[in-house]
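Engineer: How does the following fold in three dimensions:
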Amino acid sequence: MDQNTIFEGKPAAAWSYITFVGLIIAYSMNSAPKNPFAAFHIRQSLGLTLSYFLVMIPLSMLNSWAASAGFFVLFFVLWLYGIISAFQGHMRPIPLVGNFYQKVFSK
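Structural biologist: As a prediction, the model looks like this:
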């Protein structure tokens with residue numbers, strides 16, 4: 001991938017990691033000319049966001065602050081890894097689950 005494609009896709013890639021609203025904004029920014037760099041990070045962010053809700057909602061019902069805090073820290077570190085990767089212009093999958101997200105959301 002050339003540097004121009006990465007440069008053009010950085011805004012959408014960065015927006016995708018800024019809450020769920022940012023994910024929607026990034027998806028709409030990448031709708032007309034599909035940028036592969038932005039699409040990669042949008043898939044990573046979508047997977048991370050959905051995983052967060054699928055884990056944290058049931059976990060919050062257990063009323064265990066230690067378990068909730070542990071998973072919150074894990075998701076924060078994965079989110080931080082993704083956004084730093086987007087700002088640096090790298091297409092590195094998020095550790096543990098990034099390759100799975102690419103397979104599931106590739107269509």
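
Engineer: How about the contacts made by the spatially most central residue of the chain?
Structural biologist: In the chain, the centroid-proximal residue (CA atoms, centre = their mean) is S45; its distance is 1.6 Å. Shown in contact with S45 (CB atoms under 8 Å, 6 or more residues apart in numbering): S16, Y17, L23, A26, G82. From N, CA and C alone the C-beta is placed, and that goes for glycine too.

Engineer: Among these, which one has the most neighbours?
Structural biologist: S16 (30 neighbours; other CB atoms under 10 Å).

Engineer: Return the residues in contact with it.
Structural biologist: Contact analysis of S16 by CB under 8 Å, 6+ apart lists G22, L23, A26, Y27, A38, H41, I42, Q44, S45, L46, A86.

Engineer: try 6 Å
Structural biologist: With contact taken as CB atoms under 6 Å, 6 or more residues apart in numbering, S16 is in contact with L23, A26, H41, I42, S45.
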